[in-house]
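In: Model the structure of this input:
(4 chains)
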2 protein chains.
Amino acid sequence: MVTLKDIAEKAGVSSMTVSRVMNGNTKDVSAKTTERIKKIADEMGYIPNSSARVLASRSSRLIAALLSDYGEGGTPLEDSYSSCFLGELTRQIQKEGYDLMLHYVKDYTDINYSLKSWKVAGAVFIGMFDENIRKIQKDNSIPLIFTDSYSTVRSIINVGIDDYQGGELAAGYLLEKGHKNLAFIGPAVLGNGVIMHRLQGFCSFLREKGVSVPLEHIVDFGSDDMAGLLKRLCFSENPVTGIFATSDVCASWIYAAAYRLGIRIPEDLSVIGFDDIGMSRYMIPPLTTIRQDIRRKAKIASELLMKNIQNPDSPMENIVMSVELVERESVGRLGTGYF
Amino acid sequence: MVTLKDIAEKAGVSSMTVSRVMNGNTKDVSAKTTERIKKIADEMGYIPNSSARVLASRSSRLIAALLSDYGEGGTPLEDSYSSCFLGELTRQIQKEGYDLMLHYVKDYTDINYSLKSWKVAGAVFIGMFDENIRKIQKDNSIPLIFTDSYSTVRSIINVGIDDYQGGELAAGYLLEKGHKNLAFIGPAVLGNGVIMHRLQGFCSFLREKGVSVPLEHIVDFGSDDMAGLLKRLCFSENPVTGIFATSDVCASWIYAAAYRLGIRIPEDLSVIGFDDIGMSRYMIPPLTTIRQDIRRKAKIASELLMKNIQNPDSPMENIVMSVELVERESVGRLGTGYF
DNA sequence: TTGTAAGCGTTATCAA
DNA sequence: TTGATAACGCTTACAA
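Out: Okay, the predicted model is just below:
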């Protein structure tokens, strides 16, 4: 292993001089020695020992990406959304010259360990972390970037999207296409700010237009029996004609169940999704959905991180990205002889 | 920040004793002091400084996950396959008490840095790394686990699948269903061992049965104009009736293009995929595909890693997992009045 | 412009 | 069963 000392000896200087050169403090070293040292370091294949650096400087160029662990069955990254986010985040972080550690965390102890043990310079929380935010903040003076958080703690750095607006857009579009008998399908609303806001935006827009969604049409769906659910919704005397799914993945489950039941999309049933992940445009029919720019979200998270690392006194920002409706072919117009 | 010394002072012992307790060398310390120290450490919220540990012990409990970077546009993790693999790998690694660093690497320099700078205990290569394997091995004495490698270097540790067999299975199944006019669609074969073996298995099985695939039906597809391609294949005088797609994602593109062209699957065209990613069962119609157990692959990668870390003289293993055909509904029987 | 000395928090080694 | 001491490779702070 090549160390500063090795290079120093070969160059006939002190290791301090080499250190300065390796860190680009070239203004403190004569141009001639700088060149010579650079050349020797290159020849010897010097790679700085990050651990030693961290220890001596009490700071690292390391970022922790924290994913909340669901427990057995289904890792967080299987979700197309989080993997896309992590992918872009990794690239951005790396572009800034930082390294990234990936952690699955399930409780406060895990989080604390990930942050402290490697003296990371900052962290990005991916997934739901609404609970002990305050405590985490209190125990760590490094920048902590949250995503899609609806925590009651007001002073946090967060990047999220306007979920409420997304719900409104979906409602508006379905209404515009003549649908009045609507349903909302997604994971449990309770305690999930993201889903709750989508639902609220959806319902309140409808209410304004005099349309209401009965409680039994707001379904907490755990991916088990979609066919049964669809039967209940669509084969009743007053059948649902439009569904707002809280994710594109959920929409694809609806597609599959509808196919098996002989329900045609959009002729018999209209579906609108959320996210616009890669596959959505390839679904059959192509999915109309509320698009959020995941890559951009990751980029912003990285920018917030860097800003707060460079200037720890930056104000707490909660950036809310707007969403847009992407019109494709999964929503049909009701009552136009289409059927 | 709580250090060993802090605890030592409070407990009235040397930091060496605390170190021993924290590392579970409880047989070297009296039961009484062990208990006392544990309690104090707990109260003070001690978290070991990993950097100091690495520096002093010249070894880390860190694993590097290396993803080959394609450059701008599309991060490696957007691919459902690699994100699923990484997800499971992370979980396994963490279960073993190791931490994981994620690196996008584009050349030898990047790889070298990722491996050396943090003194990682081992590395897993995700994606194509057939090129400078020898050099990487020579420069690093830590366990290196490759995945899906068809490198000419024989002595490497690798987990892969039987891509050839996958090709055979696909061919056999299509033949069994009466298809004789076949096509192969995937990324460039040249220099991609995985794709090449799938193709070879496919073609040689067919050849044995007296069926040949014309060169213009072996298509290197870069995701651009699938509709044009399908037109060429299916609207000719001797139309293709069965396509072997080298990935499920590719199959979904075929689905989408076929839909737009009014080609029905499986009535007009049969499609068989590869991987069996999460969405495949929800495609319409559900995709018949060659299944590989990605999670299991990740688990094996982790096991190989741990084995080689514990015993650096373990023999080089190349584990080849078999694949299986998952029959769903995207392949129809030809010439049975189905049409 | 360059060098010296101390120390970051831990573990290895040897001594008590 | 415990402790003293010297590293590990680097940076900070100060001196020359």
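
In: show me what contacts A:Ser212?
Out: Taking CB atoms under 8 Å, 6 or more residues apart in numbering or on different chains as the criterion, A:Ser212 is in contact with A:203, A:206. The way it works is simple: take the backbone N, C-alpha and C, and place the C-beta from them, glycine included.

In: One more: A:Pro266?
Out: A:Pro266 neighbours (CB under 8 Å, 6+ apart): A:285, A:329-332.

In: Mind checking which of these are buried?
Out: The neighbour count (16 or more other CB atoms under 10 Å in any protein chain shown) marks A:285, A:330-332 as buried among those.

In: now, which of these lie close to chain B?
Out: Applying CB under 8 Å from any CB of the partner chain to these, one finds that A:Pro285 fall near chain B.

In: ok, of the buried ones among the contacts of A:Pro266, which one's closest to DNA strand D?
Out: Distance to DNA strand D across the buried ones among the contacts of A:Pro266 (CB to the nearest atom of the strand) is lowest for A:Ser330, with 55.2 Å.

In: So that closest one: helix, strand or coil?
Out: Secondary structure for A:Ser330, judged by DSSP: H, G, I helix; E, B strand; the rest coil, is coil.

In: again with A:Phe146
Out: Of the three states, A:Phe146 takes strand under three-state DSSP.

In: right, and it touches A:Ile157 too?
Out: Yes - between A:Phe146 and A:Ile157 a contact is recorded at 6.6 Å, counting by CB atoms under 8 Å.

In: From chain B, how far out is the residue in the stretch 151-300 of chain A that DNA strand C sits nearest to?
Out: DNA strand C sits closest to A:Ile157 of the stretch 151-300 of chain A, with a gap of 26.4 Å, by CB to the nearest atom of the strand. As for A:Ile157, its distance to chain B is 22 Å (criterion: CB to the nearest CB, to the nearest Å).

In: ok, back up a step: want to try CSV for the buried ones among the contacts of A:Pro266, with pLDDT and distance to B:Met279 as columns?
Out: Putting the buried ones among the contacts of A:Pro266 into CSV (pLDDT from 0 to 100; distance: CB to CB, whole Å) gives the following:
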residue, pLDDT, distance to B:Met279
A:Pro285, 97, 16
A:Ser330, 98, 16
A:Val331, 98, 21
A:Gly332, 97, 23
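
In: now the buried ones among the contacts of A:Pro266 in CSV, with distance to B:Val13?
Out: Formatted as CSV, those follow (distance: CB to CB, whole Å):
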residue, distance to B:Val13
A:Pro285, 71
A:Ser330, 68
A:Val331, 71
A:Gly332, 76
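
In: Show me which of the buried ones among the contacts of A:Pro266 is closest to A:Asn23.
Out: A:Ser330 (55.3 Å; CB to CB).

In: can you tell me which residues contact A:Leu102?
Out: A:Leu102 makes contacts with A:65, A:67, A:86, B:65, B:86, B:90, B:100-102, as judged by CB under 8 Å, 6+ apart.

In: now the strands for the stretch 151-300 of chain A?
Out: Along the stretch 151-300 of chain A, counting by DSSP state E, counting those that start in this stretch, strands occupy A:157-161, A:182-186, A:218-220, A:242-245, A:270-275, A:288-291.
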